[in-house]
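Engineer: Next input, structure requested:
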Amino acid sequence: MARVSLSWALILGLLAGIGPMCTDLYLPALPEMSEQLAATTTITQLTLTASLIGLGVGQLLFGPLSDKIGRKRPLILSLLLFIVSSILCATTNNIYWLVVWRFIQGIAGAGGSVLSRSIARDKYQGVTLTQFFALLMTVNGLAPVLSPVLGGYIVSTFDWRTLFWVMAEISTVLLLGCVLFINETLPENKRGSSLLLTGRSVVQNRRFMRFCLIQSFMPGRLVCVYRLFVVRVAEGIWL
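Structural biologist: Numbers count the residues shown, from 1 in each chain. Coordinates of the predicted model:
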């Protein structure tokens, strides 16, 4: 049984937090973004909606893709896409283009969240796998709590564009870490033969889909409540 490597634990733990980071880190910046881009609050909040939709779509893409061609190449692709989309978000002056880049950033962020778990499942077994998943869940739990605090500090000290530059820098460091320390974990003889067949087999499993739908409502309620709270506090409404 493979022992947990500190470098793997650190890199995969941070990868698991990319999804929450790309949605939560910039929440305190929404009022400033709305003002600087001359956009309504409703349009500005579409950047959050686009990111969440991207996170959902990205999981459907990167999961089956990694089962077909391996873990490392999709992981590198997702991080490169995250870096580029973060830079585009930081440099755009049009709110509608920002919505587009946020959607792409969400797709890219889903790659880290999905593949960190897939790589852990490939590499570890038994108690070690359970411990590793517990670590990933801890990161996922802390990211939504700490990201708005860090985002608020960055916005108050610099501006909203700095948030996306920070995301680009973090993902660049993770990209280097993945290239240097993360090896391919899925042997060729265990790779799937068809993305469509894999996806169809999952969707046609009614028992799984029922449980998946029920489970999605639990974090969904939390997402709606605390993200609304962060936005209202940033606007000074509930202070």
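
Engineer: Quick one: mean pLDDT for the helix or strand residue 115 falls within?
Structural biologist: Using DSSP states H and E, residue 115 sits in helix 95-123. For helix 95-123, the mean per-residue pLDDT is 91.

Engineer: And for stretch 29-40?
Structural biologist: 86.

Engineer: now the end-to-end length of it.
Structural biologist: Terminal residues of stretch 29-40 are spaced 14 Å apart (C-alpha to C-alpha, to the nearest Å).

Engineer: buried residues in the helix holding residue 115?
Structural biologist: 95, 98-120, 122-123 (16 or more other C-beta atoms under 10 Å). C-beta: built from backbone N, CA, C; applies to glycine.

Engineer: Likewise for stretch 127-146?
Structural biologist: So stretch 127-146, judged by 16+ other C-beta under 10 Å, has buried residues 129, 132-133, 135-136, 139-140, 143-144, 146.

Engineer: got the CA positions of it in CSV?
Structural biologist: The C-alpha trace of stretch 127-146 is given here as CSV (Å, rounded to 0.1, in the frame of the first residue of the first chain):
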residue,chain,number,x,y,z
VAL,A,127,-7.3,3.3,5.2
THR,A,128,-4.8,5.4,3.4
LEU,A,129,-7.3,6.4,0.8
THR,A,130,-9.9,7.2,3.5
GLN,A,131,-7.3,9.4,5.2
PHE,A,132,-6.4,11.1,2.0
PHE,A,133,-10.1,11.8,1.1
ALA,A,134,-10.5,13.2,4.6
LEU,A,135,-7.7,15.7,3.9
LEU,A,136,-9.3,16.7,0.6
MET,A,137,-12.7,17.2,2.3
THR,A,138,-11.0,19.4,4.9
VAL,A,139,-9.5,21.6,2.2
ASN,A,140,-12.9,21.8,0.5
GLY,A,141,-14.5,22.8,3.8
LEU,A,142,-11.9,25.5,4.6
ALA,A,143,-11.7,27.0,1.1
PRO,A,144,-15.2,28.5,1.1
VAL,A,145,-14.6,29.9,4.6
LEU,A,146,-11.2,31.4,4.0
